[in-house]
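Visitor: structure here, sequence nowhere to be found:
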């Protein structure tokens with residue numbers, strides 16, 4: 001490192017973080033802001049009556065997301081376990097136990113996720129509130145994100161629109177009525193190998209290639225009323241078409257939060273788990289069992305809403321960096 005320019009080599013900065021911290025004050029400042037962020041989060045949720053809890057990192061059955069889990073083995077029990085890919089299922093069982101507002105800040109692990117916005121090990125913030133639906137939770141989530149941005153002197157306006165409105169505005173197609181050929185045509189010059197892709201995959205490609213890139217960095221965009229096929233743990237509102245009571249919150253083009261009006265119908269949840277197992281089998285993924293503990297508890301779970309916030313992505317937004325490694329003390333590729 002030079003006295004004037006500090007440590008500039010990107011590989012060295014990430015591989016030898018201690019030198020980066022010693023020579024670059026802006027790197028040290030990121031982790032100071034990160035500490036203030038955690039204080040803000042805990043104060044925000046405590047003032048609203050939420051109880052902070054901790055749930056197991058090792059699980060018998062991974063659940064709460066479709067990502068591939070890391071598998072480990074317990075020698076004394078001679079049994080495989082999984083590093084959790086979500087905090088969701090354990091937190092829901094606490095609601096059955098009588099708590100009405102809970103949150104957790106926890107590390108989660110997803111095998112195969114790596115890149116500018118992904119790290120195999122990352123931090124998730126999840127909270128659940130009895131008696132609310134997803135629409136009420138939108139406002140609370142946006143308020144928390146707003147307070148985080150205020151820590152670094154930023155602000156963002158909020159806009160809320162449905163999944164259908166979003167596609168009609170940016171792509172000019174109705175995502176519920178358009179057939180697969182129309183969705184593929186709407187991608188235009190984006191050429192993707194179609195082998196193995198489902199209708200939901202084409203919708204996701206339109207979202208990432210033609211919609212999200214147009215989102216304004218100074219706007220929080222909330223998208224609600226998703227296709228029923230894209231919400232494994234959310235309630236489905238009957239109608240034509242049936243809609244998932246789910247929302248996602250974006251800051252600019254980056255997805256920060258995913259929230260649900262939570263499903264508490266055990267029979268319906270079992271059917272969705274079975275469909276997920278079938279998809280995993282077709283893709284050659286890890287085959288966990290159905291989570292019988294959750295299914296036995298669901299009929300006693302009160303009506304509630306929950307949301308998960310990708311903390312590292314929010315910190316990226318606060319620090320205006322496109323790379324998740326910049327907000328991690330040690331990232332996976334350079335630890």
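Guide: It's in. Given the structure is predicted, the values throughout are model-derived calculations rather than measurements.
Visitor: quick check: residue 104 is in a helix.
Guide: No. Counting by DSSP: H, G, I helix; E, B strand; the rest coil, residue 104 is not part of a helix but strand.
Visitor: now it: closest residue in space that isn't a chain neighbour?
Guide: Spatial nearest neighbour of residue 104, excluding adjacent residues (CB to CB, 6 or more residues apart in numbering): residue 87 at 5.0 Å. (Glycine included, C-beta is placed from N, CA and C.)
Visitor: for that neighbour, list the residues it contacts.
Guide: If a contact means CB atoms under 8 Å, 6 or more residues apart in numbering, then residue 87 has 55, 64, 104, 106, 108, 124, 126, 308 as its contacts.
Visitor: does residue 53 really touch residue 103, like I thought?
Guide: Yes. Assessed by CB atoms under 8 Å, residue 53 is found in contact with residue 103 at 7.4 Å.
Visitor: model confidence for the residue nearest to residue 104, exactly?
Guide: pLDDT for residue 87: 95.
Visitor: buried ones in the longest helix anywhere in the chain?
Guide: If you go by DSSP state H, the chain has its longest helix at helix 25-47. Using 16 or more other CB atoms under 10 Å as the test for burial, helix 25-47 gives 27, 30, 33, 34, 37, 41, 44, 45.
Visitor: so the fourth one makes contact with residue 327?
Guide: Yes. The pair residue 34 and residue 327 passes the contact test of CB under 8 Å, sitting 6.9 Å apart.
Visitor: which residues are common contacts for the two?
Guide: By CB under 8 Å, 6+ apart, residue 34 and residue 327 have these common neighbours: residue 315.
Visitor: let me know the closest of the contacts of residue 87 to residue 281.
Guide: Set against residue 281, the nearest of the contacts of residue 87 by CB to CB is residue 64 (19.3 Å).
Visitor: these two touch, right, residue 59 and residue 82?
Guide: Yes. Using CB under 8 Å, residue 59 is in contact with residue 82, at 5.1 Å.
Visitor: common neighbours of these two, please.
Guide: Counting by CB under 8 Å, 6+ apart, residue 59 and residue 82 have no shared contacts at all.
Visitor: what helices and strands are in contact with the longest helix of the chain?
Guide: Counting contacts by 3 or more CB pairs under 8 Å, 6 or more residues apart in numbering; DSSP states H and E, helix 25-47 is packed against helix 17-23, strand 51-52, strand 101-109, helix 134-150, helix 311-318.
Visitor: mind doing that once more with 10 Å?
Guide: With contacts defined as 3 or more CB pairs under 10 Å, 6 or more residues apart in numbering; DSSP states H and E, the packing partners of helix 25-47 are helix 17-23, strand 51-52, strand 101-109, strand 121-130, helix 134-150, helix 311-318.
Visitor: I'd like those as TSV, with distance to residue 300 appended.
Guide: Listed next are the helices and strands packed on helix 25-47 as TSV, based on distance: least, CB to CB, whole Å:
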stretch	distance to residue 300
helix 17-23	47
strand 51-52	19
strand 101-109	16
strand 121-130	12
helix 134-150	21
helix 311-318	30
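Visitor: make TSV from those and add mean pLDDT to it.
Guide: TSV is the format used below for these (pLDDT from 0 to 100):
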stretch	mean pLDDT
helix 17-23	75
strand 51-52	98
strand 101-109	97
strand 121-130	97
helix 134-150	97
helix 311-318	94
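Visitor: make CSV from the ones you listed and add mean neighbour count to it.
Guide: Listed next are those as CSV, based on neighbours: other CB atoms under 10 Å:
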stretch, mean neighbour count
helix 17-23, 16
strand 51-52, 14
strand 101-109, 20
strand 121-130, 22
helix 134-150, 18
helix 311-318, 22
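Visitor: nearest to residue 236, out of those?
Guide: Closest approach to residue 236 among the helices and strands packed on helix 25-47 is made by helix 134-150 (12.2 Å; CB to CB).
Visitor: between helix 311-318 and the closest one, find me the angle.
Guide: Inter-element angle recorded for helix 134-150 and helix 311-318: 50 degrees (by axes from the mean of the first three to the mean of the last three CA atoms, to 10 degrees).
Visitor: same for the next helix or strand after helix 134-150, what does it pack against?
Guide: Downstream of helix 134-150, the next assigned helix or strand under DSSP states H and E is strand 157-162. Here strand 157-162 touches helix 134-150, helix 163-170, strand 219-227, strand 243-251, going by 3+ CB pairs under 10 Å, 6+ apart.
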